[in-house]
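Asks: here is a sequence with its predicted model. Questions after.
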Number of protein chains: 2
Amino acid sequence: MSRRVTSQDVADLAGVSRTTVSFVLNNVHRFSIRPETAEKVRLAAQELDYYPNASAKALASNQTKNIGLIISRAPQYIASDPFLPQILSGLLDALKENSQGLLLEWVEPGQQLQTYLELTRAHHIDGMILMTPRLDDPGLRALEEADIPVVVMGYIPGSSLHSVDVDNITAAETAVNHLLELGHRSIACITNAALPYTSATQRLEGYKSALKKAGVEFIPELVREADFDIQSGYRQMKSLIESAQEFTAVFVASDNVALGAYSALGEAGLSIPEDVSVVGFDDIPLASFITPTLTSVTVSGQEIAIESYNLLTRLMRGEMPEFRSVTLPTRLIPRESSREIGRRGKRGAEKKSANFVSCFNDQ
Amino acid sequence: MSRRVTSQDVADLAGVSRTTVSFVLNNVHRFSIRPETAEKVRLAAQELDYYPNASAKALASNQTKNIGLIISRAPQYIASDPFLPQILSGLLDALKENSQGLLLEWVEPGQQLQTYLELTRAHHIDGMILMTPRLDDPGLRALEEADIPVVVMGYIPGSSLHSVDVDNITAAETAVNHLLELGHRSIACITNAALPYTSATQRLEGYKSALKKAGVEFIPELVREADFDIQSGYRQMKSLIESAQEFTAVFVASDNVALGAYSALGEAGLSIPEDVSVVGFDDIPLASFITPTLTSVTVSGQEIAIESYNLLTRLMRGEMPEFRSVTLPTRLIPRESSREIGRRGKRGAEKKSANFVSCFNDQ
DNA sequence: AGCAACTATTAACGCGCGTTAGTAATGATA
DNA sequence: TATCATTACTAACGCGCGTTAATAGTTGCT
């Protein structure tokens, strides 16, 4: 437990004052410093393996150099979130350049206000990114008035907070249109999450809107709410099947949930896409490797992360961008899981999985 | 930008000194305080919405209340890591109880020493957890001497650092034994990562050891190194298939990689498990939902996380546990992807996916 | 009353750093 | 030589808090 090296030590070794050390190491040009002196200081710092104490620096400069990523979801849901790594990946990458740190935090429903306040007032962080908050999050109002930059990943209608999101409604419309164009008229829908999560509401919105524009009746019985994870997808798909409602296609607003749906469909003896076409959402890496490959809508978590970070950076610099929210484009990637209604026969002629499986039905 | 509320404000409102406020809010019992006074202070703090400044607290108490999770991997690999969410989930859950924060950091190969030093010397964190470091990590030596508690997720032979890991060797042996017991003798192996990652080396070790014990010759040409993600699994499986080496089973040391292998096998017209049995590793949630369901070895990321955290906590309290490393048990979960060699016909009689697919081969 | 033994509270210092206001030294100009 | 700007640096304060050593106030005992 060797004594900690302080800037005073560096100053002593370099034969200058602590102030000079600070100026040199922080590149303060307002007070000019002779190059030789600066060099002496740098050498001394290196010699002593000096690293300025983060807390002291934060206290004095009023900047923690940390940004917070707040996840509005309980740990058990975090565990199976295939999207989180992408977000983190993008954020960590961006943060490295500015040598900032990432503080991870989750808030349990009901504790949002408390948590937000603590984070901002205690000044743990310089800015925060809110991941997929719920519409009914009571803490958001407080954040609008907090004196700390905030960027929301996801859209919160009526909120004055800056936000970054994909155009969920349009994307969902595109996905459903794809199915409509393939001739499907009975299209079920499984949301990605409970409706208090805005993305779920919006994607459902897009689903409805696409049906409406195509003159197809909206049937509430064809809609199910999943809950982020595979299991919920499995459960809801099963529920759809057992409801005896007719449908030839499903729009599943999350690839992860869609994987559960795949499983339930398979278990029920229904083939994709022969019996049921499936369109997912998110385009997770697995989408192009699963059998059959999953038609999906690209959403780059990394892009969202980077865009959020850029926006946050501008806010932290004191700029007030003219826009309140950034909307990222999406793109439908048709794959094997969706095809024209009624068409049977060899699927995926173009690629893989053609004979991945054998014939259990035949015995 | 309202002025920040300090403990002095609370003291003023409560009509006591700042010291008393500190004693009350930090539950310092060494100096007794009259209950009524304490109550007054608490009320004042609540009234003012007082939250102690994190940096100041850290500086004064020499405790940041943050622990660091350091990922020895570049962001592009982080993006597709299905394991990370589990780790985070477990950690976040555990941290909440002690109201600690989680600082996320990644180190790029070559920058380990620098990063570790900065993190410890700058005292960003009170303790750190190292996720899957590489065997050739040059910074580990420095950490052994750093005056900060460190727990390594994964085993580093010869290191004096405390660690938590599953018994990779035994687990891999079990997985391969399972295949051997099913009659397989030509068993390929795809590692989960490059060999500098200890888990990869160890799992390969277990593979070799199981073969040896069973008197089966080890054929280097049957081994491939994957690289965490699905793509690499796809590539390496393809490489195996194209090598024209005979094999009736594969041990894939990561479920994620195995998903890529599934895809490559399907593309090549090989059925699982009729043509090739597959055993994975990690037992990710998807394992029991994919078709065919994937035989795997359970590794609970959350357990690892919690165990690591517990160990770290003890270290931070100054305890020196008698043991240096914790080894977590694993369990093989047989599913549909592995079966007796040569046996054909209906698979997975017990559960789902029986007729998930139809008969493309027949036309 | 006188002393000890508490109990309740506070003044004051230090944590390590950023930063402003100020000083000393040097050169340029009148 | 006196005056002033410029350069190169430093003394000293403050950030907000934890904590020790010291100080009043109270009670118990002889």
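Replies: Happy to help now that I have it.
Asks: helix, strand, or coil at residue A:224?
Replies: strand (DSSP: H, G, I helix; E, B strand; the rest coil).
Asks: relative to DNA strand C, how far out is the nearest residue to it once chain neighbours are set aside?
Replies: Of all residues not flanking residue A:224 in the chain, residue A:236 sits nearest, at 3.8 Å (Cβ to Cβ, 6 or more residues apart in numbering or on different chains). Backbone N, C-alpha and C define where each C-beta goes, glycine included. The spacing between residue A:236 and DNA strand C, counted by Cβ to the nearest atom of the strand, to the nearest Å, is 54 Å.
Asks: hey, C-alpha coordinates of the strand or helix carrying residue A:236 in PDB?
Replies: According to DSSP states H and E, residue A:236 maps onto helix A:230-242. Output of helix A:230-242 as PDB, limited to C-alpha atoms (Å, rounded to 0.1, in the frame of the first residue of the first chain):
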ATOM      1  CA  ILE A 230     -37.900 -15.800 -25.900                       C
ATOM      2  CA  GLN A 231     -40.200 -17.500 -23.400                       C
ATOM      3  CA  SER A 232     -42.800 -14.800 -23.800                       C
ATOM      4  CA  GLY A 233     -42.600 -15.200 -27.500                       C
ATOM      5  CA  TYR A 234     -43.200 -18.900 -27.200                       C
ATOM      6  CA  ARG A 235     -46.100 -18.400 -24.800                       C
ATOM      7  CA  GLN A 236     -47.800 -15.700 -26.900                       C
ATOM      8  CA  MET A 237     -47.400 -17.600 -30.100                       C
ATOM      9  CA  LYS A 238     -48.800 -20.700 -28.400                       C
ATOM     10  CA  SER A 239     -51.700 -18.600 -27.200                       C
ATOM     11  CA  LEU A 240     -52.400 -17.400 -30.700                       C
ATOM     12  CA  ILE A 241     -52.400 -20.900 -32.100                       C
ATOM     13  CA  GLU A 242     -54.700 -22.200 -29.400                       C
END
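Asks: distance from it to the middle of the chain?
Replies: Centroid separation for helix A:230-242 versus its chain: 24 Å, with Cα atoms, centre = their mean, to the nearest Å.
Asks: helices or strands next to the following helix or strand past it in the packing?
Replies: The helix or strand immediately downstream of helix A:230-242 is strand A:249-252, counting by DSSP H and E. Contacting strand A:249-252 under the criterion 3 or more Cβ pairs under 8 Å, 6 or more residues apart in numbering or on different chains; DSSP states H and E are the following elements: helix A:168-181, strand A:187-191, helix A:230-242, helix A:255-267, strand A:277-279.
Asks: and the stretch 151-300 of chain A, which residues reach chain B?
Replies: Contacts of the stretch 151-300 of chain A with chain B, taken as Cβ under 8 Å from any Cβ of the partner chain, map to A:229-231, A:234, A:259-260, A:262-263, A:265-267, A:269, A:271, A:274, A:285-286, A:289-291.
Asks: can you point out the buried residues in the helix or strand of chain A with the lowest mean pLDDT?
Replies: Across the helices and strands of chain A, mean pLDDT, DSSP states H and E gives its lowest value to helix A:75-78, namely a mean of 84. For helix A:75-78, burial by neighbour count (16 or more other Cβ atoms under 10 Å in any protein chain shown) applies to A:75, A:77, A:78.
Asks: near chain B too, which of those?
Replies: The subset of the buried residues of helix A:75-78 within reach of chain B, by Cβ under 8 Å from any Cβ, is A:75, A:78.
Asks: isn't residue A:104 right up against residue A:75?
Replies: No - applying Cβ atoms under 8 Å as the test, residue A:104 and residue A:75 come out as separate, 11.3 Å apart.
Asks: need the overlap of contacts for these two.
Replies: residue B:92 (Cβ atoms under 8 Å, 6 or more residues apart in numbering or on different chains).
Asks: ok, back up a step: could you give the angle of the helix holding residue A:236 to helix A:255-267?
Replies: 50 degrees (axes from the mean of the first three to the mean of the last three Cα atoms, to 10 degrees).
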